[in-house]
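# model this:
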Amino acid sequence: MLKPRGAFAGFGEVNSPMDVIEASCARAKQLLEHSGIELISTPVITDDCERRDIKRAISNLKGKDFDFLVVCLAGWIPTHAVIDIINEFKEKPMILWGLSGRYEGGRLVTAAAQAGTSALRKVMEDMGFNFTYVYNLPGKDDGVEKVVRYATAAAAAARLRRARIGMMGYRDMNLYGTLFDGVSLRSRIGPDIEIFEMLEMMQRLESLDKASIDKVVEEQIEAKWKFVNDENREVLQKGAAYYLAIRQKVVERGYEAVSLIDVDGMKKLLGFPPAIIFMLLGQDPGICTVPENDSLGAVTQLMARYLTGQISAYLEFYEFMEESVLLGAPDFVPDEVVDGDIKVMFANFGKISAGAMNVSTVRSGRVSIFRLTAKDGRYAMHMAGGVASVPGKWEEAGWSQPAPQLPSLEIKLDMPVEQFAQNVMSQHYIVTYGDNLAVMKDLCRILGVDVIE
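Just a heads-up that it's a prediction; the model follows:
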């Protein structure tokens, strides 16, 4: 998980009891830090006539490295005192957080924080601030969870602006849905996708020694994978060599996700299905992987990973059923989503030569699935929640017999299948475990991405 880095600015009106204001702000800041947020802060800010607090706060926060600003009101404060400060950091996502009063001897004692927040909310909206509005209920700290969630999304947005994705080849199978516009992606979402050629991988093979290849086979494959049928060591060595060549590029360029030209590249030109490469990259250096030059699939993976800490596996649709959808992967899944042993078998598909493929059981449970899409320079995120289970016996036609049971999930969606299907954006969707819809919506709000449910 990312450790969100934020700035904390607490406010209270100059005539309010300062001990109450300071104690409330200190508690709010402490709760956020205990939740894993790294904060820089400035002393409580009032609306003093000389603007000493305002000037000090700007000086304390200006030039510091943080991804979001917590605008925390412990009581009433005139709007101008807040705007004077936050206007200096308008490029940052913000959380307008109103603390609450407390009960004493059967009565509610309040410093009127929601008078301050309600005076600010529309003003901040009209002035174009990128923010969310959170308030506590009297005597409770119930807003903390929402603040932490939005802070996680803001940290993810910041990391996306620094992210780099590697893609060997481009537009596998001449698909349209895997294309991307580099300028709008970089400016609106953040990641930069770098294209490199398969030739570069082949050239890098020349510098590899047999000992390093054998080490991968022995320590990362044979020691961790369970083979369903007879092991083909020649295939494993070739896969390990390709992996090491790609890994060199990944490490040199700092890629956090990778996609490879699959059908029209690795399989057609080299006669080698790249599942081994993807599986090993998921192990070390532990990056996101998706096949077939799926550019926005890789971006979706990074968005989900930054929010959840999960590697965010891809699966693709095989069937829409009455109350569920069947998703599977005809090649690989990362170790993280496997339930039990990592099971691998050697099999043929159609005219494609034999290769190793993952046939592991995928973990069940509550899942959230996502897909980023683009149209006319505007981006949208299709999302759905559901409960995933291991499907019954099924096979994809075309595999050599006995056909493998692909790693797969049957997901009973929280919405009608027809509603989901009429908005489906790609054959590939990104799967995360848990209910992660709300935090993805926060990230989409920060980035200006439309949400489709």
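# and the residue nearest the centre of this structure?
Using Cα atoms, centre = their mean, the residue of the chain that lies closest to the mean C-alpha position is residue 304, 2.0 Å off.
# name the element it belongs to?
Residue 304 belongs to helix 295-308 when elements are defined using DSSP states H and E.
# got it, and residue 43?
Assigned by DSSP H and E, residue 43 belongs to strand 38-45.
# that strand - what's its average pLDDT?
The pLDDT scores in strand 38-45 average 97.
# parallel or antiparallel, list what pairs with that strand.
strand 5-11 (parallel) (DSSP bridges).
# need the next SSE after the partner strand, C-terminal direction.
Next along from strand 5-11, by DSSP H and E: helix 18-34.
# which residues sit against that next one?
6, 8, 10, 12, 39, 41, 44, 46, 70, 72, 74-75, 97, 99, 111, 141, 144, 147-148, 151 (Cβ atoms under 8 Å, 6 or more residues apart in numbering). From N, CA and C alone the C-beta is placed, and that goes for glycine too.
# so how far is residue 336 from residue 266?
23 Å (Cβ to Cβ, to the nearest Å).
# who has more neighbours out of those two?
Neighbour count, other Cβ atoms under 10 Å: between residue 266 and residue 336, residue 266 has more, with 25 against 14.
# for the more buried one, which three-state class applies?
Under DSSP: H, G, I helix; E, B strand; the rest coil, residue 266 falls in the helix class.
# these two touch, right, it and residue 275?
No. Between residue 266 and residue 275 no contact is recorded; they are 9.5 Å apart, counting by Cβ atoms under 8 Å.
# and the strand holding residue 43, how far out from the chain's middle?
Centroid displacement of strand 38-45 relative to its chain, using Cα atoms, centre = their mean, to the nearest Å, is 28 Å.
# any buried residues in that strand, and which?
39, 41, 42, 44, 45 (16 or more other Cβ atoms under 10 Å).
# just stretch 273-283 next, same as before
273, 274, 275, 276, 277, 278, 279, 280, 281, 282, 283.
# for those residues, give me CSV that also has distance to residue 362, secondary structure and pLDDT.
Conversion of these to CSV gives the following (distance: Cβ to Cβ, whole Å; DSSP: H, G, I helix; E, B strand; the rest coil; pLDDT from 0 to 100):
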residue, distance to residue 362, secondary structure, pLDDT
273, 19, coil, 93
274, 20, coil, 95
275, 15, helix, 96
276, 18, helix, 97
277, 20, helix, 97
278, 15, helix, 97
279, 14, helix, 97
280, 19, helix, 98
281, 18, helix, 98
282, 14, helix, 96
283, 17, helix, 96
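# find me the pLDDT at residue 435, would you?
For residue 435, the pLDDT comes out at 98.
# count the neighbours of it for me.
Residue 435 sits with 12 neighbouring residues when counted by other Cβ under 10 Å.
# now the helices for the stretch 51-200 of the chain?
Ranges of helices within the stretch 51-200 of the chain are 52-61, 79-86, 113-126, 144-160, 182-184, 198-205, based on DSSP state H, counting those that start in this stretch.
# and residue 299, how many neighbours does it have?
26.
# to clarify, my last question referred to residue 209.
9.
# next one: residue 292
The number of residues packed near residue 292 is 25, by other Cβ under 10 Å.
# so what's it scoring on pLDDT?
Reported pLDDT for residue 292: 97.
# just give the number of residues close to the residue lying closest to it once chain neighbours are set aside.
In space, and not counting its chain neighbours, residue 292 is closest to residue 172: 4.3 Å by Cβ to Cβ, 6 or more residues apart in numbering. By other Cβ under 10 Å, 23 other residues sit near residue 172.
# try residue 236
23.
# make sure it is indeed in a helix.
Yes. With three-state DSSP as the criterion, residue 236 is part of a helix.
# tell me the pLDDT of it.
96.
# tell me which residues touch it, please.
So residue 236 contacts 217, 221, 222, 276, 356 (Cβ under 8 Å, 6+ apart).
# 6 Å - rerun?
217, 221 (Cβ atoms under 6 Å, 6 or more residues apart in numbering).
# care to break the protein down by domain?
5-160, 164-452 (automatic domain parsing).
# helix or strand: which one has residue 423?
Secondary structure assigned from DSSP H and E places residue 423 in neither a helix nor a strand.
# and stretch 163-180, how far apart are its ends?
When the termini of stretch 163-180 are compared using Cα to Cα, to the nearest Å, they are 16 Å apart.
# what comes up buried for that stretch?
In stretch 163-180, counting by 16+ other Cβ under 10 Å, buried: 163, 165, 166, 167, 168, 169, 170, 171, 172, 178, 180.
# how about the nearest residue to the fifth one, chain neighbours excluded?
Just to be clear, that refers to residue 168. Residue 168 sits nearest to residue 260 (Cβ to Cβ, 6+ apart), 4.6 Å away.
# ok, now the first one?
Spatial nearest neighbour of residue 163, excluding adjacent residues (Cβ to Cβ, 6+ apart): residue 191 at 4.1 Å.
# touching, that neighbour and residue 167? I think so.
No. Using Cβ atoms under 6 Å, residue 191 makes no contact with residue 167, being 11.0 Å away.
# re earlier: C-alpha coordinates for the strand holding residue 43, PDB please?
Extracted C-alpha coordinates of strand 38-45, given in PDB (Å, rounded to 0.1, in the frame of the first residue of the first chain):
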ATOM      1  CA  GLU A  38       2.200  10.900   6.900                       C
ATOM      2  CA  LEU A  39       1.400  14.500   7.600                       C
ATOM      3  CA  ILE A  40       3.200  17.900   7.800                       C
ATOM      4  CA  SER A  41       1.200  20.500   9.700                       C
ATOM      5  CA  THR A  42       1.100  24.100  10.900                       C
ATOM      6  CA  PRO A  43      -0.300  25.400  14.200                       C
ATOM      7  CA  VAL A  44      -4.000  26.200  14.300                       C
ATOM      8  CA  ILE A  45      -5.000  29.100  12.100                       C
END
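# other residues contacting that strand?
3, 5-8, 10-12, 21-22, 25, 33, 53, 57, 60-61, 64.
# list only those of these flagged as buried.
5-8, 10-12, 21, 25, 53, 57, 60-61.
# how close does the residue nearest to residue 270 when sequence neighbours are not counted sit to residue 268?
Spatially, and ignoring its direct neighbours in sequence, residue 270 is nearest to residue 198 (7.8 Å; Cβ to Cβ, 6+ apart). Going from residue 198 to residue 268 by Cβ to Cβ gives 11 Å.
# lovely, talk soon.
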